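Participant: 3D, please:
(one chain, ligands or ions: 1)
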Amino acid sequence: MLIREELLQEHAAIADVTAKAFANMEHSDQTEPAIIARLREAGALSLSLVGIDRGDVVGHAAFSSVTIDEADQGWFGLGPVSVRPDRQRQGIGGLLIRRGLSELRARGAGGCVVLGDPAYYQRFGFENDEALRYVDAPSQFFMRLSFVDKVPAGRVRYHPAFGGDSGQ
Ligand SMILES: CC(C)(COP(=O)(O)OP(=O)(O)OC[C@H]1O[C@@H](n2cnc3c(N)ncnc32)[C@H](O)[C@@H]1OP(=O)(O)O)[C@@H](O)C(=O)NCCC(=O)NCCS
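Facilitator: Numbers count the residues shown, from 1 in each chain. Okay, the predicted model is just below:
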């Protein structure tokens, strides 16, 4: 399994893997491939990692800047993250997420937030934090992983590419 940044010619394969991964997800409105495309178009796809197996894209993780109380504080949001359905539960998602987080750290990021199932994301060190708020989802699904001692407080917003008022 090779994990690296996306290449130009992999955009369609990333959209395909993302669409397939989210196809039957109850919490999804199937807009994830469009979100990635909009982030890319806006120059806001800060980190876009692919998992490559025998030349095929089998997984993908996107990271983009978030604001906290309307300010860029060097924090990022993880997502969408996808693994092709026939390759799930083989550790690929974990590899992509760990690589992404260590790359953000290396770039001097303050931390990362994620909206998702705590049962999955806690293993990477994500945790709930009442002081870092996301208003459009129940608070138990919103988690943060800080790389710095002084964790900022405030309302988190994703890039407008996620759609909606405050972003999803
Ligand atoms: C979530 C996802 C990216 C994880 O990738 P993966 O390669 O399957 O995950 P890994 O192999 O690294 O980890 C597998 C472990 O995570 C658990 N897991 C996977 N998805 C989970 C989920 N949504 N909730 C809770 N646990 C989950 C599995 O139970 C497994 O744990 P186990 O080994 O103890 O049984 C992948 O399942 C996926 O694409 N899902 C559909 C899209 C999606 O929901 N994306 C995340 C949106 S927040």
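
Participant: only C-alpha atoms for contact and neighbour calcs from this point on.
Facilitator: Will do.

Participant: what residue of this structure is the furthest out?
Facilitator: Taking Cα atoms, centre = their mean, the residue of the chain most remote from its mean C-alpha position is R54, at 24.2 Å.

Participant: show me what contacts the nearest residue to P152 once chain neighbours are set aside?
Facilitator: Nearest non-adjacent residue to P152, counting by Cα to Cα, 6 or more residues apart in numbering: L132, 7.1 Å away. The neighbours of L132, taking Cα atoms under 8 Å, 6 or more residues apart in numbering as the test, are 144, 152-156.

Participant: can you rerun that using 7 Å?
Facilitator: When contacts are counted by Cα atoms under 7 Å, 6 or more residues apart in numbering, L132 touches 153-156.

Participant: any chance of these in CSV, plus distance to V113 and secondary structure?
Facilitator: Shown next, in CSV, are the contacts of L132 (distance: Cα to Cα, whole Å; DSSP: H, G, I helix; E, B strand; the rest coil):
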residue, distance to V113, secondary structure
A153, 12, coil
G154, 13, strand
R155, 12, strand
V156, 9, strand
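
Participant: which one of these sits closest to the ligand?
Facilitator: Closest to the ligand out of these is V156 (16.4 Å), distances taken as Cα to the nearest ligand atom.

Participant: what's across from that closest one in the sheet?
Facilitator: I68 (DSSP bridges).
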